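A.B. asks: Structure for the following, please:
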Amino acid sequence: MEYINAEAQTGTVPGVLSAAPYLERLASLADDLPAGARAFATAPDHYDFSGKRCVKDLELQHIRGIGADDQQLEIRFRHNCWKHDEDLIIRYTGVSGFHAESAEEDSAEGDSVEEGSWEDLGTVILDEVLPHRNGCSHEIAFRNGSLAVVCHDLDATWTVADCPGNP
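C.D. replies: This next block holds a predicted model:
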């Protein structure tokens, strides 16, 4: 990631996760993001670690191509009931690049992703959405790897999860 700092230091405590450098930069980058990417990146709870719509601690449920043109991708994230009461679905349109890296496997690049091939990435640490000449890039850091998508735009939708206490 370009701005997210996974090795920040708070006082004498090293290895603290900080979105602050990205959030400072996002203020000047937001207008250059496509509408869906901008709405997702600038959502109030997105980087609030205690917020119900913070991406931190979500788990990758699946990655799949959608549509017949191989330029659409869907990534579903499952909630953790102790923090979230919704799941997250991100649909990418105009996909022109995909890169996945796992701590246990060699990296992979390509236009298509086989379902279930990235099950061991672990939970989301954080993500970063940046302007790109093709629209935007979205990099997602996990405990055991990362995913990066370059696309025309993205649409992020939160859906009610199957947590106890949800209607």
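A.B. asks: List the residues that contact residue 66.
C.D. replies: For residue 66, the contact set (Cβ atoms under 8 Å, 6 or more residues apart in numbering) comprises 72-74, 91. To be clear about C-beta, it is placed using only N, CA and C from the backbone, and glycine gets the same treatment.
A.B. asks: That one and residue 85, how far apart?
C.D. replies: Look at residue 66 and residue 85: by Cβ to Cβ, to the nearest Å, they are 25 Å apart.
A.B. asks: Show me which residues of stretch 41-50 are buried.
C.D. replies: Across stretch 41-50, burial judged by 16 or more other Cβ atoms under 10 Å covers 41-43, 46-47.
A.B. asks: Could I get the full set of helices for this protein?
C.D. replies: 20-29, 35-41 (DSSP state H).
A.B. asks: Compare these and give me the one nearest residue 56.
C.D. replies: helix 20-29 (13.0 Å; Cβ to Cβ).
A.B. asks: Which elements pack onto that closest one?
C.D. replies: Here helix 20-29 touches strand 5-10, strand 124-132, going by 3 or more Cβ pairs under 8 Å, 6 or more residues apart in numbering; DSSP states H and E.
A.B. asks: The last one - what's its average pLDDT?
C.D. replies: In other words, strand 124-132. Strand 124-132 comes out with an average pLDDT of 94.
A.B. asks: And that strand, what does it pack against?
C.D. replies: Against strand 124-132 (3+ Cβ pairs under 8 Å, 6+ apart) you get helix 20-29, helix 35-41, strand 135-142.
A.B. asks: and that strand, which residues are buried?
C.D. replies: 124-132.
A.B. asks: okay, now residue 154: neighbour count?
C.D. replies: Neighbouring residues of residue 154 were enumerated by other Cβ atoms under 10 Å; the total is 27.
A.B. asks: Any idea what it is bridged to?
C.D. replies: Beta-bridge partners for residue 154, by DSSP bridges, are residue 92.
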